[in-house]
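1. Any chance you could fold what I've pasted below:
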Amino acid sequence: MISVRRFAESDRERWDGYVARTPNSHFAHRTGWKRLVEESYGCRSHYWIAEDGGDVRGVLPLFEKRGPGSGRSLFSPPGGLLAEDEPTAQALLAPAVELLRRERWDLIELRDQRHRWPDLATVEEHVTMELALEPDAERQWQGFGAKLRNQIRKGQKSGVTARWGPEGLADFHHVLLENMRDLGTPILGPDYFQRALERLAPEAEILVVDVEGRPVGAMFLVAHGDTFSDPWASSLRRFFDRCPNQLLYWEAIRHAIARGFKRFDFGRSQPDSGTYRFKEQWGARPVRLYYQYVLGRAQAPPTLEAQKRSFDLAVRLWRLLPIPVAGVLGPLVRRLFPEAL
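-> As a prediction, this is how the structure comes out:
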């Protein structure tokens with residue numbers, strides 16, 4: 001008999017153990033992510049755990065989003081609802097749906113799920129790009145096209161060098177800030193990524209690539225199961241002639257192979273976008289991600305195209321900001337959108 005109850009701090013080890021051994025789980029299912037979101041955004045969490053005879057059968061992590069003009073909703077971390085079967089998934093959703101109805105909120109959003117649960121409104125606009133890793137780096141290298149291999153060699157010959165370690169966090173943030181400003185996207189401050197390193201330890205790592213001692217590319221990586229993932233990565237466009245991005249990813253992939261991982265997850269993309277094609281050239285293949293919704297006061301699920309239209313002017317204005325100003329304003333703006341990774 002499945003029973004569902006609220007998460008308690010004493011459940012932390014059992015929850016994380018279930019996530020670690022369950023297919024289709026995401027590193028953001030871990031309780032460390034719960035602490036990260038609560039500390040960084042001040043979001044109230046609603047975590048439910050399903051059990052049968054003392055065994056964990058599923059988990060549903062949700063956070064509240066409240067804000068002027070943004071309505072009220074419940075959103076999951078990446079990975080969404082994780083359960084053994086459909087009856088367990090339905091049992092986990094029941095108290096969340098009851099909360100949605102009682103509080104008259106807009107919707108529940110289950111993000112970046114690899115499993116599509118039945119009878120839920122579903123949006124299929126996203127994929128994640130996964131690369132199957134060979135047992136040794138040389139075999140992986142031979143699978144790349146000639147153009148990609150030449151770009152990696154160009155980076156090496158141009159003096160691009162790599163370094164690993166948490167001491168690279170400030171340089172990682174500097175590179176990320178400039179690149180995301182160029183894309184029109186605010187980011188949180190370095191303190192957020194420091195907390196992410198701590199809450200996801202020991203599975204989180206920082207990789208930085210330099211040109212003549214100057215950081216020009218950086219990546220935040222997280223190990224989970226047999227997969228090495230990069231939720232945040234950037235390279236500076238003004239150094240693209242030296243191919244830092246290609247060397248950055250090659251160093252990450254080589255490191256993943258050396259550690260014995262089976263897959264490298266390049267992260268979420270929209271099919272046929274520029275980032276999709278960049279990841280595809282490495283041999284990465286798309287894995288469908290499902291965004292699923294329980295609608296409350298909202299009439300329909302949000303779509304990517306509608307969101308892009310609504311933020312078009314803000315994106316164009318953000319690109320004009322000096323980097324120091326973007327660094328100051330970014331955390332203030334970014335905290336309005338805790339549902340975005």
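2. What is the lowest-mean-pLDDT helix or strand in the chain packed up against?
-> Lowest by mean pLDDT, DSSP states H and E among the helices and strands of the chain is helix 304-318, with a mean of 85. On a contact count with 3 or more CB pairs under 8 Å, 6 or more residues apart in numbering; DSSP states H and E, helix 304-318 meets strand 121-132. In short, each C-beta sits where N, CA and C put it, glycine included.
3. What is the strand it packs on packed up against?
-> strand 263-269, helix 274-280, strand 285-295, helix 304-318.
4. okay, the ones you listed, which one's buried deepest?
-> strand 263-269 (a mean of 21; mean count of other CB atoms under 10 Å).
5. any residues touching it, and which ones?
-> The contact list for strand 263-269 (CB atoms under 8 Å, 6 or more residues apart in numbering) reads 112, 126-133, 226-231, 233, 249, 252-253, 256, 275-276, 279, 282, 284, 286, 289, 341.
6. What subset of those is buried?
-> For the contacts of strand 263-269, a burial check counting by 16 or more other CB atoms under 10 Å picks out 112, 126-131, 133, 227-231, 233, 249, 252-253, 256, 276, 279, 282, 284, 289.
7. which helices and strands sit right next to the helix or strand where Asp16 lies?
-> Using DSSP states H and E, Asp16 sits within helix 12-21. When contacts are defined as 3+ CB pairs under 8 Å, 6+ apart, helix 12-21 sits against helix 31-41, strand 45-52, strand 55-67.
8. Phe7: which of those is closest?
-> strand 45-52 (3.5 Å; CB to CB).
9. Tell me the strands beside the closest one, with direction?
-> strand 3-6 (antiparallel), strand 55-67 (antiparallel) (DSSP bridges).
10. Excluding chain neighbours, what is closest to Thr31?
-> Arg12 (4.9 Å; CB to CB, 6 or more residues apart in numbering).
11. so where is the stretch 51-200 of the chain shaky, pLDDT-wise?
-> Scanning the stretch 51-200 of the chain for pLDDT under 70 picks out the ranges 67-70.
12. what sits opposite Phe264 in the beta ladder?
-> Here Phe264, judged by DSSP bridges, has bridge partners Leu131, Phe228.
13. any idea of the pLDDT on it?
-> Per-residue pLDDT puts Phe264 at 98.
14. again with the one 10 residues further on
-> Listed pLDDT for Gly274 reads 93.
15. got the contact list for it?
-> With CB under 8 Å, 6+ apart, Gly274 has no contacts at all.
16. and it, how far is that from Ser158?
-> Taking CB to CB, to the nearest Å as the criterion, Gly274 is separated from Ser158 by 22 Å.
17. okay, the longest helix seen in the chain in CSV with CA atoms only?
-> As assigned by DSSP state H, the longest helix anywhere in the chain is helix 86-103. Extracted in CSV, the C-alpha atoms of helix 86-103 (Å, rounded to 0.1, in the frame of the first residue of the first chain):
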residue,chain,number,x,y,z
GLU,A,86,2.0,5.6,-12.5
PRO,A,87,-0.1,4.8,-9.3
THR,A,88,2.8,6.1,-7.2
ALA,A,89,3.1,9.2,-9.4
GLN,A,90,-0.6,9.9,-9.0
ALA,A,91,-0.4,9.4,-5.2
LEU,A,92,2.5,11.9,-5.0
LEU,A,93,0.6,14.5,-7.1
ALA,A,94,-2.6,14.3,-5.1
PRO,A,95,-1.5,16.5,-2.2
ALA,A,96,0.2,19.0,-4.5
VAL,A,97,-3.0,19.2,-6.6
GLU,A,98,-5.1,19.6,-3.4
LEU,A,99,-2.8,22.5,-2.4
LEU,A,100,-3.1,24.1,-5.8
ARG,A,101,-6.9,24.0,-5.7
ARG,A,102,-7.2,25.2,-2.1
GLU,A,103,-4.8,28.1,-2.5
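18. Need the residues that contact the helix or strand just after that helix.
-> Counting by DSSP H and E, the next helix or strand C-terminal to helix 86-103 is strand 107-113. Residues outside strand 107-113 that contact it (CB under 8 Å, 6+ apart): 24, 26, 62, 73-81, 93, 96-97, 100, 117, 120, 126, 128, 268, 289-298, 301-302, 339, 341.
19. ditto for stretch 207-217
-> Counting by CB under 8 Å, 6+ apart, 155, 158-164, 168, 171-172, 174-175, 218-219, 221, 233-236, 239, 242, 244-245, 247-248, 251-252, 255 sit against stretch 207-217.
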